[in-house]
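K.L.:
This is the structure alone, sequence omitted:
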């Protein structure tokens, strides 16, 4: 069977039709560019709410997709024509190895279009077929706390089978919200830049100390065109970003500020919009959220 990478996006679908179409185009362009930068082949198609990526190197393709803003999750899915008998055969053949071992399993089915079965009937028939095909494997149906889930997604004449949904960063596609300057001098600054990138902003980073490695080794994985320039210290980074703001349009600046720092920052930046996305987070919360960011790059 053919394999595709089934890509889901979230809040893009909440936008008005013209804005949604614009954001979807940007997401597609970003995915194609990311695959190109990674040296991977890619063919992309879409329907309402999903993108479908075909590549000869799906394992590497999943990693690229998981680093693309706007993507909620991705699955490696087998594709077949929709028919009940075909789905039953394909589930047994596709997932033969994991189903041959004792598991508490569940079948999750979704369906759009007109078919001779409901989603509930489909899940029940698939579950029955699995138990019939593997009578001595120790499989037990457990819809509440399964350790193995099989997803059957029927979309009109095409059906997709998969076993996992790997999370992406979510948010909005890079490039739909303009440019920001970001001072990155540690985890707090790096997380702040990431959170604004997640809202669709392209960041221009002034890196101080460990901020250089955080930007080049992590943030650049989410934007292969990330602009990073080294600064000698925090005041130098502020000066560098202000010089950018004077020479190119920036929607604002991202700074690792404490509440008490806002007064001096306001005096320094004047009418420039100042963001500090991590101001309400403890050091522990910053650390935990950054670990989640790093996990997306693996």
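P.N.:
That came in fine, so what should we check first? In this text the structure is predicted, and so the values were computed from the model without any measurement.
K.L.:
who does the helix ranked longest in the chain touch, helix- and strand-wise?
P.N.:
Counting residues, the longest helix in the chain under DSSP state H turns out to be helix 17-37. On a contact count with 3 or more C-beta pairs under 8 Å, 6 or more residues apart in numbering; DSSP states H and E, helix 17-37 meets strand 2-9, strand 43-47, strand 50-54, helix 58-66. C-beta coordinates here come from the backbone N, C-alpha and C atoms, glycine included.
K.L.:
okay, the ones you listed in JSON lines with mean neighbour count and mean pLDDT next?
P.N.:
Output for the helices and strands packed on helix 17-37, formatted as JSON lines (neighbours: other C-beta atoms under 10 Å; pLDDT from 0 to 100):
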{"stretch": "strand 2-9", "mean neighbour count": "20", "mean pLDDT": "95"}
{"stretch": "strand 43-47", "mean neighbour count": "13", "mean pLDDT": "92"}
{"stretch": "strand 50-54", "mean neighbour count": "19", "mean pLDDT": "95"}
{"stretch": "helix 58-66", "mean neighbour count": "19", "mean pLDDT": "97"}
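K.L.:
Could you break this structure into its assigned domains?
P.N.:
Using automatic domain parsing, the domain parsing of the chain gives 2-79, 83-156, 179-295.
K.L.:
Rebuild those as JSON lines, extending it with distance to residue 166.
P.N.:
Below are these laid out as JSON lines (distance: least, C-beta to C-beta, whole Å):
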{"stretch": "domain 2-79", "distance to residue 166": "5"}
{"stretch": "domain 83-156", "distance to residue 166": "13"}
{"stretch": "domain 179-295", "distance to residue 166": "10"}
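K.L.:
wait, which of the ones you listed is closest to residue 168?
P.N.:
domain 2-79 (3.3 Å; C-beta to C-beta).
K.L.:
List the buried residues in the longest helix of the chain.
P.N.:
Using 16 or more other C-beta atoms under 10 Å as the test for burial, helix 17-37 gives 20, 23-24, 26-28, 30-31, 33-35.
K.L.:
One more: stretch 217-235?
P.N.:
For stretch 217-235, burial by neighbour count (16+ other C-beta under 10 Å) applies to 218-223, 226-228, 230-231, 234.
K.L.:
State the distance from residue 92 to residue 101.
P.N.:
Distance, residue 92 to residue 101, using C-beta to C-beta, to the nearest Å: 14 Å.
K.L.:
Between the two, point out the one with more neighbours.
P.N.:
The residue with more neighbours, out of residue 92 and residue 101, is residue 92; 16 against 11, by other C-beta atoms under 10 Å.
K.L.:
Residue 145 - nearest residue in space that isn't next to it in sequence?
P.N.:
residue 104 (6.8 Å; C-beta to C-beta, 6 or more residues apart in numbering).
K.L.:
returning to that earlier point: I would like the residues contacting the longest helix of the chain, please.
P.N.:
7, 9, 12-13, 15, 41-42, 44, 46, 51, 53, 55, 61, 64-65, 67-71, 172-176, 224 (C-beta atoms under 8 Å, 6 or more residues apart in numbering).
K.L.:
out of the helices and strands packed on helix 17-37, which comes closest to residue 199?
P.N.:
Between these, strand 2-9 lies closest to residue 199; by C-beta to C-beta that is 14.5 Å.
K.L.:
Please list the residues outside that closest one that contact it.
P.N.:
24, 27, 31, 49-55, 58, 61-62, 65, 70-80, 153, 160, 162, 165.
K.L.:
With stretch 140-153 instead?
P.N.:
Under C-beta under 8 Å, 6+ apart, the answer for stretch 140-153 is 6, 75, 77, 87, 91, 95, 98-99, 102-111, 122-123, 126-127, 130-131, 159-165.
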